[in-house]
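K.L.:
Attaching a predicted model along with its sequence, questions to come.
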Amino acid sequence: MSPTGNCPSCGATITFQFSMAVQTTCPFCRSILVRSDLDLKKVGEVAEIPADVSPIQIRTEGIYKGRAFTVAGRIVYEYEQGNWNEWHIVFSDGASGWLSDAQALYVVTFLKQTPNLPPQDQVFRGKTFEFENARYEVTSITNANYVGVEGELPFEYWDKERVKFGDLRTTDGRFGTIDYSEATPLLFLGEAVEFDDLKLKNIKDLAGREVKAKTLECPNCGGPIELRAAEVSVTAVCIQCLSVLDSSSPNLQVIQQFKKKQRVKPLVPLGTTGHLRGEDYLNIGFQERSIRVDGTRYAWREYVLFHPFRGFRYLSEYDGHWNFVKPLVHLPEATNVGGRPAMKIFGETYSHFQDAKATTDFVMGEFPWRVKVGEVIDCGDYIHPPRMLSSEKSEGEVTWSLGEYTSGADIWKAFKLPGNPPEAKGVYANQPSPHSTSVRGIWTRALLLMGLAIVSIVFAETLMDNRVVYQDTFNFDPSNKGEASFVTPVFELKGRPANLKVDIEADLSNNWAYFNLALVNETTGQGWDWGRELSYYSGSDSDGAWSEGSRSDSSLLGAIPAGRYYLRIEPDWEPSPSEPIVRPGRITYKITVRRDVPQVWFYAFVLLLLLIPPVWMTFRSVGYERQRWAESQYGGGSGGDDEDEE
């Protein structure tokens, strides 16, 4: 049976769902009650907790790693970028943990007993710790205000004001927080989780999915301001006077007056809903940001999208190139590729593209952070087309996001926009190459065909005869002016028609000779006539030894039918008219006749033909990548033609 007690303020019966709870809140008079075993003591009252669009509420049920839990209470904090909830969850075995819900990013953590945590002035962004054999890095330092509590908590927590937190992350999605709300720091470790993985039940009514708009009056110009996501917005911009307002304040306090007169019109109107990645997202904010390279300004546009359960997503657009961007909880792992910085995350390696200082130039609509015109942030981009990994760093925080290239046509379809999207110019950083898939495919097919060709060559060579059908050695004396022609003995060619290769080798030395040849069919008298000249010269000079020509030559006759054949051979030598007649000595030469000889050049030609398509596609792909990297800090260029260039 659940323990019960009476509220000392209003007398209502208080039932504890979590037997180990130390503190609870009376749901009737909102008194904060501390339990000393069921002798309840009032220690304060809960201020009105701001409304939010979190789907989670007290008694929401869910599952984490196969363990059922129930939401028993929560602590609400407020910081510069808005509010967040720390939901106290109680598992079916009585253990408790925490479910953090910040802008629909969810993290489950558990209190750890870790001694010797550093004091808060020694914790800063980038500092690393090792807990439970994992390396954690401090990614943000948050100074938050305690707003209130609700439900049951495992400890007393009601008299807080300003609280400091250090958020920790690892490369494998683990998450940690060093909590300085107590005199002795507390450590909570866990991991980021997806909303769907929690399998939540008894959440707020589905109508909570719809973010209701409300209209307020601009305190600067008096113009109407429609807040489409009032419960999650931190800042809003008056569309009339461009004042930046604190939308978390009921009075819409002016925090900045934007004096730039030139307005930027968003391509996706504010207030429109788009269906992206299977969900409906409301476009609530728009900003233009820019970098400067060698004095030239390059600007891009960003859109803030909101979904009550999925949280915030973003669209970025530059020169007609779009990216759908999701904030990350995971911390990428630093590495290098080819001597350049790189990052690894989710099993993929992202190559460093560029670093820059991004300036916010124009804002419109609502934002879940305190947006400021003129704010400068250090940005870094890493690419693995079609994805881009991006970081934004300030003194107290580093955030990572993952963008995926999306066509303008898909954006127009998602938001049902009229007309056609602007044409994309040039090659964008993470734009997928139209050749990469083709190159891989065509190389695969070409290598397969080349493999088949090589197998065919080997098989063909095993079937070819490649047999010597005649061979003999002869002498030729150029000084003998008599008849030099003669015929060889008859040799027989058997089987199918096949090629015939005739090789001549002569012992020439600084000399030449010409051979008139004829292959004659003894039976039919059909003949094939041709000639070959051999020459070979050598010597030495001031550059050393030299030689030219060759002592051998080959002839190939194609598809000679079977039959009995002989060769008619007529060696010849004639002196040069411009030189004295000095006849060489006797020349010895050898004639070799081979039948059905493999033709390597033919197969090499086939292989070369097979290589032409993939080589051409590779050439085009390399050219595309050169265009891409020409826009990086490694390529000597940045950006392209930009209508905002100044």
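P.N.:
Looks like it arrived, so ask away. Numbers count the residues shown, from 1 in each chain.
K.L.:
Please check which residues sit opposite the most centrally placed residue in the chain as beta-bridge partners.
P.N.:
Centroid-nearest residue in the chain, with Cα atoms, centre = their mean: H384, separated by 2.2 Å. For H384, the beta-bridge partners are R387 (DSSP bridges).
K.L.:
For R586, which non-adjacent residue is closest in space?
P.N.:
Closest residue to R586 apart from its sequence neighbours, by Cβ to Cβ, 6 or more residues apart in numbering: D477 at 4.7 Å. Bear in mind the C-beta positions are built from the backbone N, C-alpha and C, glycine included.
K.L.:
Determine the number of other residues adjacent to that neighbour.
P.N.:
Burial of D477 is recorded as 15 neighbouring residues (other Cβ atoms under 10 Å).
K.L.:
Buried ones in the longest helix along the chain, by neighbour count?
P.N.:
Taking DSSP state H as the criterion, the chain has its longest helix at helix 600-630. Buried positions in helix 600-630, judged by neighbour count with 16 or more other Cβ atoms under 10 Å: 603, 606, 610-611, 614, 617-618, 621, 624, 627-629.
K.L.:
which stretches of the stretch 1-150 of the chain form strands?
P.N.:
Taking DSSP state E, counting those that start in this stretch as the test, the strands found in the stretch 1-150 of the chain are 4-6, 13-15, 23-25, 31-36, 39-45, 61-64, 67-79, 82-91, 96-102, 105-112, 128-131, 134-151.
K.L.:
Now the weakest link among the ones you listed, please, by mean pLDDT.
P.N.:
Note on these: lowest mean pLDDT is at strand 39-45, with a mean of 74.
K.L.:
That one: how far from the chain's middle?
P.N.:
Centre-to-centre, strand 39-45 and its host chain are 55 Å apart (Cα atoms, centre = their mean, to the nearest Å).
K.L.:
Just checking: what are the partner strands of that strand?
P.N.:
strand 31-36 (antiparallel).
K.L.:
Flag the shaky bits of the stretch 251-400 of the chain, pLDDT-wise.
P.N.:
251-262 (pLDDT under 70).
K.L.:
tell me the domain ranges of this protein?
P.N.:
Domain assignment for the chain, taken from automatic domain parsing, gives 47-204, 209-415, 436-462+602-630, 467-597.
K.L.:
any chance of the ones you listed in JSON lines, plus distance to C10?
P.N.:
Supplementary listing: the domains of the chain in JSON lines, determined by distance: least, Cβ to Cβ, whole Å:
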{"stretch": "domain 47-204", "distance to C10": "17"}
{"stretch": "domain 209-415", "distance to C10": "28"}
{"stretch": "domain 436-462+602-630", "distance to C10": "68"}
{"stretch": "domain 467-597", "distance to C10": "109"}
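K.L.:
out of the ones you listed, which comes closest to A429?
P.N.:
Between A429 and these, the tightest spacing by Cβ to Cβ is seen for domain 209-415, at 5.2 Å.
K.L.:
what distance separates that closest one from the centre of its chain?
P.N.:
The answer for domain 209-415 is 20 Å, by Cα atoms, centre = their mean.
K.L.:
same question, stretch 12-29
P.N.:
Worked out by Cα atoms, centre = their mean, stretch 12-29 lies 50 Å from the chain centre.
K.L.:
repeat for stretch 79-90
P.N.:
Centroid separation for stretch 79-90 versus its chain: 32 Å, with Cα atoms, centre = their mean.
K.L.:
Give me the buried positions along that stretch.
P.N.:
Applying 16+ other Cβ under 10 Å to stretch 79-90 flags 79, 81-90 as buried.
K.L.:
From the residues you listed, pick the one nearest D507.
P.N.:
Q81 (93.1 Å).
K.L.:
Strands of the stretch 301-450 of the chain, start to end?
P.N.:
Secondary structure of the stretch 301-450 of the chain (DSSP E, counting those that start in this stretch): strands located at 311-318, 321-328, 333-337, 340-345, 348-367, 376-384, 387-393, 398-406.
K.L.:
Can you lay out the ones you listed as TSV showing distance to L517?
P.N.:
As requested, the strands of the stretch 301-450 of the chain are exported to TSV (distance: least, Cβ to Cβ, whole Å):
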stretch	distance to L517
strand 311-318	72
strand 321-328	69
strand 333-337	62
strand 340-345	64
strand 348-367	63
strand 376-384	65
strand 387-393	68
strand 398-406	67
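K.L.:
looking at those, which is closest to S54?
P.N.:
Among the strands of the stretch 301-450 of the chain, strand 311-318 sits nearest to S54 (Cβ to Cβ), with 10.1 Å.
K.L.:
on that earlier part again, between the longest helix of the chain and strand 376-384, how big is the angle?
P.N.:
170 degrees (axes from the mean of the first three to the mean of the last three Cα atoms, to 10 degrees).
K.L.:
Would you pull up how far helix 600-630 lies from the middle of the chain?
P.N.:
25 Å.
K.L.:
can you name the two of the buried residues of stretch 79-90 that are farthest apart?
P.N.:
Q81 and V90 (28.8 Å).
K.L.:
The closest residue to R620 other than its chain neighbours - how many residues pack around it?
P.N.:
Spatial nearest neighbour of R620, chain neighbours left out: H435 (5.2 Å); criterion: Cβ to Cβ, 6+ apart. Neighbour count for H435, taken as other Cβ under 10 Å: 18.
K.L.:
Just list the residues touching H435, thanks.
P.N.:
617, 620-621, 624 (Cβ atoms under 8 Å, 6 or more residues apart in numbering).
K.L.:
give me phi/psi at it?
P.N.:
phi -100, psi -20 (degrees, to the nearest 10).
K.L.:
pLDDT score assigned to it?
P.N.:
Predicted confidence (pLDDT) for H435: 79.
K.L.:
For stretch 404-424, the averaged confidence score.
P.N.:
Throughout stretch 404-424, pLDDT has a mean value of 96.
K.L.:
What are the buried residues along that stretch?
P.N.:
Those would be 404-406, 408, 411-412, 414-415, 417, 421, 424, for stretch 404-424 by 16+ other Cβ under 10 Å.
K.L.:
just stretch 186-205 next, same as before
P.N.:
Judged by neighbour count (16+ other Cβ under 10 Å), stretch 186-205 contains these buried residues: 186-193, 195, 198, 200, 203.
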